[in-house]
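Chemist: Any chance you can model this:
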Amino acid sequence: MRHGKSDWSVNVSDQDRPLTERGRRQATEAGRWLERHGGALDLALVSPAERANTAWTLAAAELSEPPPVRSERGAYTFDGLDLLALVRSLGQERRVVLVGHNPACEEMVELLTGQRPEMKTSALAVIELPDWRSPGTLVTHGRPPS
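Modeler: Residues are numbered from 1 along each chain as shown. Now for the predicted structure:
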């Protein structure tokens, strides 16, 4: 999941950039989509950036059973190879949501599936993997309405 639309009008560091009102609505809609289509999750890996944390907090509020959350410094990257390394370091968690940034999200999906969907703000991509090291299948992707 990519974070929602961020607010570039405030004078803060990149990590401290908040979501816009639209981004907050997008994150809530992403959570509703996950509740309907995502199934039970084992873990949420979330970038420590403010916009990613807020997006996940809003999305998780829509889940009947939110998973444990791990703020993951490695998810604050704009490089798909970094995200791929993070995913491949996972242990027994089987159903994971990663809340990160572009272009890393698009690149990681491409590295895992050979397909590169457009990951606009609050977009989701669902990937099935036989294990954390093998290529996977892009099951669905898109962005819920905001």
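Chemist: For residue 144, give me phi and psi.
Modeler: phi -60, psi 160 (degrees, to the nearest 10).
Chemist: what about the nearest residue to it once chain neighbours are set aside, which SS state?
Modeler: Sequence neighbours aside, residue 29 is the residue nearest to residue 144 in space, at 3.8 Å (criterion: CB to CB, 6 or more residues apart in numbering). Using the backbone N, CA and C atoms, a C-beta is placed for each residue, glycine as well. Of the three states, residue 29 takes helix according to DSSP: H, G, I helix; E, B strand; the rest coil.
Chemist: again, but for the one 3 residues further on
Modeler: The three-state label given to residue 32 by three-state DSSP is helix.
Chemist: Do I have it right that it meets residue 122?
Modeler: No - using CB atoms under 8 Å, residue 32 is not in contact with residue 122; the gap is 11.1 Å.
Chemist: neighbour count winner among these two?
Modeler: Per other CB atoms under 10 Å, whichever of residue 32 and residue 122 has more neighbours is residue 122, with 31 against 16.
Chemist: Please, which helix or strand holds that one?
Modeler: Element membership of residue 122 [criterion: DSSP states H and E] is none; it lies in no helix or strand.
Chemist: Got phi/psi on the residue lying closest to it once chain neighbours are set aside?
Modeler: What sits nearest to residue 122 in space, not counting adjacent residues and going by CB to CB, 6+ apart, is residue 26, at 3.5 Å. Residue 26 has phi and psi values of phi -60, psi -40 when expressed as degrees, to the nearest 10.
Chemist: Then residue 41?
Modeler: Torsion angles, degrees, to the nearest 10, at residue 41: phi -110, psi 140.
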